[in-house]
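Engineer: okay, structure incoming, though there's no sequence with it:
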């Protein structure tokens, strides 16, 4: 099983709402990632969790709050978002973030987020 | 991580080989070349990666020049389903996976 799943597929929320994106993998991978992708642009790294600990935060605003409850699950909690935060949010995982051949990332299908 | 330069777009006839170039003239000795592709509205898909030797798998071949300043991804027999944005990424492997995507090449395979 080489699948990364993300739920929901689509999400529409108002600027005062609180919502969460969920990502799951059952490949035994020990690194998980959140990326943001605007239309016709490449993915931009937001966060990296390595062995369930936050290792990289690319200066993401605090209205985005990641959480890694266990090695298979990654959440992204959203609060007080702005319309410009509308984007495709991608989750990825890799086997061993510190290995030279085992840190290839596998991506989920993404959550299409619209902030009204 | 070193920067990469790719053509914005390319066309390829179905059944022909698609050769996608990538320049990475500032690559360091410990940086790998990775290729991903993204079919419309889907997550990026890993294709192949290499350090200095040419690599081949069931999807594609990766040719890296001897000076490692450029590489070419080869899809040997392109199909319509290979139409996608192809990203070339250069980075140090094993640094907790930090990847910076460039703008990529939009490959359109035509019948």
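Structural biologist: Structure received. The structure presented is a predicted model; accordingly, all values stated were derived computationally and were not measured.

Engineer: and the one residue sitting closest to the centre of chain B, its phi and psi?
Structural biologist: Closest to where the C-alpha atoms of chain B average out (Cα atoms, centre = their mean) is residue B:35, at 3.5 Å. Residue B:35 has phi and psi values of phi -120, psi 130 when expressed as degrees, to the nearest 10.

Engineer: so the nearest residue to residue B:11 once chain neighbours are set aside versus residue B:13, what's the distance?
Structural biologist: Using Cβ to Cβ, 6 or more residues apart in numbering or on different chains and skipping the chain neighbours, the partner closest in space to residue B:11 is residue B:108 (5.1 Å). Glycine gets a C-beta too; all of them are placed from N, C-alpha and C. Separation of residue B:108 from residue B:13 (Cβ to Cβ, to the nearest Å): 10 Å.

Engineer: who's more crowded, those two?
Structural biologist: residue B:108 (14 against 11; other Cβ atoms under 10 Å in any protein chain shown).

Engineer: before we move on, what SS does the more buried one have?
Structural biologist: Classification of residue B:108 using DSSP: H, G, I helix; E, B strand; the rest coil returns strand.

Engineer: tell me the predicted confidence for it.
Structural biologist: We have a pLDDT of 98 for residue B:108.

Engineer: identify the residues contacting it.
Structural biologist: Contacts of residue B:108 were listed using Cβ atoms under 8 Å, 6 or more residues apart in numbering or on different chains, and they are B:9-12, B:83.

Engineer: do residue A:69 as well
Structural biologist: residue A:75.

Engineer: host element of it?
Structural biologist: Element membership for residue A:69, per DSSP states H and E: strand A:64-70.

Engineer: how about that strand: buried residues?
Structural biologist: A:64, A:66, A:68 (16 or more other Cβ atoms under 10 Å in any protein chain shown).

Engineer: which residues of chain A score low on pLDDT?
Structural biologist: Counting by pLDDT under 70, chain A has low-confidence residues at A:1-2, A:99-102.

Engineer: point out the residues in it that sit beside chain B.
Structural biologist: A:4, A:31, A:33, A:41-45, A:48, A:50, A:55-56, A:88, A:90, A:92, A:94, A:97-101, A:103-110, A:112 (Cβ under 8 Å from any Cβ of the partner chain).
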